[in-house]
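Visitor: my questions are about this predicted structure, shown below with the sequence.
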Amino acid sequence: MVERAAIEGRLMDGDARFALESRYGHFTAMQVRDRRVRGLGLHFERLDQASRELFGGGVDRSAVLASIRTVLGDDLRDASVRVYVFDADPPRVVASAAPPHEPLKGPLSVKSVVYQRYLPHIKQAASFQQAHINRTARREGFDEALLTTEDGLISEGSITNLGGFAGGRLVWPDAPMLRGVTMRLLERMDVPQERRPLKVADLTGFDQVFVCNSWGVMPVGAVDGVPLPQDAGLVARLLGHYEGIAWDPLD
């Protein structure tokens, strides 16, 4: 039987059809600037660990680099890049490039939403639920959504990790979540840190709350319409650490 796919009346080739129909896989997202990436080794580690769990074997680092370089071509030095690993025999690496994405201008307004992801430690290729939650929050005037349990225990944002400063410590939620690359880079900050269960109501007692992802680090100004304390010094310290992280070359 011939397998075909078309988009708006145009036949797609086999590779395009594969990418369209692939559902079982994982990915990592990164910002490329001057053909460099922050935390490139952590992106490789994420892809390798998820591939081992889902497919029973690690990912080929050279295939990942080759895909990134190919999608950038000779003309793109700055871009938002995603690298997917999809189920096949053997698993296939697919990369995409889009315009670069800067951090959202804060302080951000976030909304809590009751939702917990299956296998939250894996950045899953099929993420309809998170996309819907994020889009719905934005239509309602919020910048991001916080995923919580029924009783308000925070795990992560729909596309971010959440952290905050309280009593001189950098605090992260103690809950099942995806430990994002930017979060892991911030965990290297020279400041006392801890994980503890966090509820939405706890955030009003923090000195500064923020979210982070591949776009960067963004202070949070309100949750569910309730204003949160702002500390410009803490934000500057956080951004100073993040912006001081070396970029890893792709070439």
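Guide: Happy to help now that I have it.

Visitor: going by C-alpha atoms from here, please, whenever you check contacts or count neighbours.
Guide: Will do.

Visitor: which residue is nearest the middle of the protein?
Guide: residue 213 (4.6 Å; CA atoms, centre = their mean).

Visitor: bridging residues for that residue?
Guide: For residue 213, the beta-bridge partners are residue 216 (DSSP bridges).

Visitor: test my guess that it contacts residue 181.
Guide: Yes - under the criterion of CA atoms under 8 Å, residue 213 makes contact with residue 181 at 7.3 Å.

Visitor: how about residue 91, nearest residue that isn't a chain neighbour?
Guide: Nearest residue to residue 91 in three dimensions, chain neighbours excluded: residue 85, at 6.4 Å (CA to CA, 6 or more residues apart in numbering).

Visitor: would you agree that neighbour falls within a helix?
Guide: No - assigned with DSSP: H, G, I helix; E, B strand; the rest coil, residue 85 falls outside any helix and is strand.

Visitor: where does it land on pLDDT?
Guide: The per-residue pLDDT reported for residue 85 equals 97.

Visitor: ok, it - how many residues close by?
Guide: By the criterion of other CA atoms under 10 Å, residue 85 has 25 neighbours.

Visitor: ok, back up a step: residue contacts, the residue nearest to the centre of the chain?
Guide: 159-161, 180-183 (CA atoms under 8 Å, 6 or more residues apart in numbering).

Visitor: which elements pack onto the helix or strand that contains residue 239?
Guide: Using DSSP states H and E, residue 239 sits in helix 232-243. Using 3 or more CA pairs under 8 Å, 6 or more residues apart in numbering; DSSP states H and E, the elements in contact with helix 232-243 are helix 181-186, strand 216-223.

Visitor: which of those sits most buried?
Guide: Mean neighbour count (mean count of other CA atoms under 10 Å) peaks for strand 216-223 among the helices and strands packed on helix 232-243, with a mean of 22.

Visitor: roughly how far out does it sit from the chain middle?
Guide: Chain-centre distance of strand 216-223: 15 Å, with CA atoms, centre = their mean, to the nearest Å.

Visitor: got the angle between that strand and helix 232-243?
Guide: If you take axes from the mean of the first three to the mean of the last three CA atoms, to 10 degrees, strand 216-223 sits at 150 degrees to helix 232-243.

Visitor: residue 173 contacts residue 163, doesn't it?
Guide: Yes - Residue 173 lies in contact with residue 163 (CA under 8 Å); the separation is 7.1 Å.

Visitor: residue 249 versus the nearest residue to residue 108 once chain neighbours are set aside, what's the distance?
Guide: Spatial nearest neighbour of residue 108, excluding adjacent residues (CA to CA, 6+ apart): residue 220 at 4.5 Å. From residue 220 over to residue 249 the distance is 31 Å, taken as CA to CA, to the nearest Å.

Visitor: kindly report the same for residue 230.
Guide: From residue 230 to residue 249 the distance is 35 Å (CA to CA).

Visitor: one more: residue 211?
Guide: To residue 249, residue 211 is 26 Å away according to CA to CA.

Visitor: measure how buried residue 34 is and give me the count.
Guide: Applying other CA under 10 Å, I find that residue 34 has 12 neighbouring residues.

Visitor: quick one, helices of the stretch 51-200 of the chain?
Guide: 61-72, 128-139, 181-186 (DSSP state H, counting those that start in this stretch).

Visitor: switch those over to a markdown table; also include distance to residue 48 and mean pLDDT.
Guide: Putting the helices of the stretch 51-200 of the chain into a markdown table (distance: least, CA to CA, whole Å; pLDDT from 0 to 100) gives the following:
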| stretch | distance to residue 48 | mean pLDDT |
| --- | --- | --- |
| helix 61-72 | 8 | 96 |
| helix 128-139 | 23 | 96 |
| helix 181-186 | 14 | 98 |
